[in-house]
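[1] dropping the sequence and predicted coords here.
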Amino acid sequence: MIVTLTPNPSVDHALVIDELERGEVLRAADARLDAGGKGVNVSRALAANGAETVAVVPVGGHQGHLLADLLGATGVSHRDVPISGAIRMNVSVLEPDGTTTKLNEPGPVLSEAETRAMVDATLSAAEGAAWVAVCGSLPPGVSTDVYSDLADGVRARGARFVVDSSGAPFLAAVATKPNLIKPNHEELAELVGHDLPTLRDVLAAARELVTSGIEIVAVSLGADGALLVTEGDAAHAQAKVTTPVSTVGAGDCMLAGLLHGLASGLPISEALVGGVAWGSAAVALPGSSVPTPDDVRRVAPALSPELPLSLELGH
Ligand SMILES: Nc1ncnc2c1ncn2[C@@H]1O[C@H](COP(=O)(O)OP(=O)(O)O)[C@@H](O)[C@H]1O
Ligand SMILES: O=P(O)(O)OC[C@H]1O[C@](O)(COP(=O)(O)O)[C@@H](O)[C@@H]1O
């Protein structure tokens, strides 16, 4: 069982347009709503692939009702923590060449009592779980101290602690030495404080984090696939997507596939290949859609026989 906590969930509103032009009236050719936020997406992807998961979410306002409805429609089991503010709606703008522009709201202010209730709900769901993944930004009012409460509580219940975030909250979370972190290329550069132009640089940065006490560092690298590093191992995998449609949620689906593989006892390189398959399959789908097993079967992920260390990233 994999538990997710999304401290700052959203309803994701994806708009398909021809070309993004500042200051113009742009007519969307298509639009869709999905339950969103990083942990929510991880749980949606797991549920779509038959894996046991529970999503813990603070819920408030009209968008909160909509989120609960959307989650209910996808069959994801969720524990709602009532809050007085309204959760956010995040907009993504999708262009035909696959370019995705994301506009994320800050989210509602959570009181201390609401934050405590969110931690308690997560720790109660963590009883008997294999992994607990805390994913995405923190809403205003939530101190980064929340990560040490969660890390201690999750470990006391015998589960493994996963974090995926960005900026200052991610730095604070990394200080608790999670069992697994999933930065993307930019987030890893933020964590180590310098640019990482090649896979060799990414490997060195991931090794630095492993040496500091994090068991598994999984770095998602967009079209360049993903690199997974542990104390004794490093693996890279990639899958080509001929027509990218939306990258929203791709990182979350990659993390879901990876955790599913690890929870099923796969060796890390095979779990990585699964993660890349789920992430790349998500890129071929609209909005924040998560892939089904059929979608995953359509991509052909490959484990690199040797690490392509000179690969220049993002080209
Ligand atoms: N253009 C793409 N082509 C193929 N796979 C992609 C592409 N963009 C993302 N992916 C897949 O999705 C995963 C997550 O993407 P990434 O953009 O790194 O994450 P995030 O959404 O966290 O920024 C990658 O590891 C890769 O497997
Ligand atoms: O919490 P944050 O960092 O604002 O991100 C939330 C947004 O990220 C998403 O979880 C998508 O994440 P990724 O594209 O990084 O996988 C959206 O569903 C959501 O709107």
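    Cool, the structure landed. Ligands and ions are numbered 1, 2, ... in the order given.

[2] ligand 2 contacts on the protein?
    Listed as neighbours of ligand 2 in the chain under the rule Cβ under 6 Å from any ligand atom: 8, 10, 12, 36-38, 41, 90, 104, 136-137, 166, 248-252, 288. C-beta coordinates here come from the backbone N, C-alpha and C atoms, glycine included.

[3] of those, which belong to helices?
    Filtering these for membership in helices, criterion DSSP state H, returns 38, 41, 250-252.

[4] what residue lies at the spatial centre of the chain?
    For the chain, the residue whose C-alpha lies nearest the mean C-alpha position (Cα atoms, centre = their mean) is residue 252; its distance is 2.9 Å.

[5] now it: how far from residue 55?
    11 Å (Cβ to Cβ, to the nearest Å).

[6] equivalent analysis for residue 272, please.
    24 Å.

[7] swap in residue 147?
    In this structure, residue 147 and residue 55 are 18 Å apart, going by Cβ to Cβ.

[8] same thing with residue 9?
    For residue 9, the distance to residue 55 - Cβ to Cβ - is 8 Å.

[9] list the residues that contact both of the two?
    Common neighbours of residue 9 and residue 55 (criterion: Cβ atoms under 8 Å, 6 or more residues apart in numbering): 39-40.

[10] now the one helix or strand residue 257 maps to - C-alpha only, PDB.
    Element membership for residue 257, per DSSP states H and E: helix 250-263. Taking C-alpha atoms only, helix 250-263 is exported to PDB below (Å, rounded to 0.1, in the frame of the first residue of the first chain):
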ATOM      1  CA  ALA A 250       4.500  13.300 -16.000                       C
ATOM      2  CA  GLY A 251       6.900  13.500 -13.100                       C
ATOM      3  CA  ASP A 252       4.100  12.300 -10.700                       C
ATOM      4  CA  CYS A 253       3.300   9.300 -13.000                       C
ATOM      5  CA  MET A 254       7.100   8.500 -13.200                       C
ATOM      6  CA  LEU A 255       7.200   8.500  -9.400                       C
ATOM      7  CA  ALA A 256       4.100   6.300  -9.200                       C
ATOM      8  CA  GLY A 257       5.500   3.700 -11.600                       C
ATOM      9  CA  LEU A 258       8.800   3.700  -9.700                       C
ATOM     10  CA  LEU A 259       7.200   3.200  -6.300                       C
ATOM     11  CA  HIS A 260       4.900   0.600  -7.700                       C
ATOM     12  CA  GLY A 261       7.900  -1.400  -8.900                       C
ATOM     13  CA  LEU A 262       9.800  -1.000  -5.600                       C
ATOM     14  CA  ALA A 263       6.700  -1.900  -3.600                       C
END
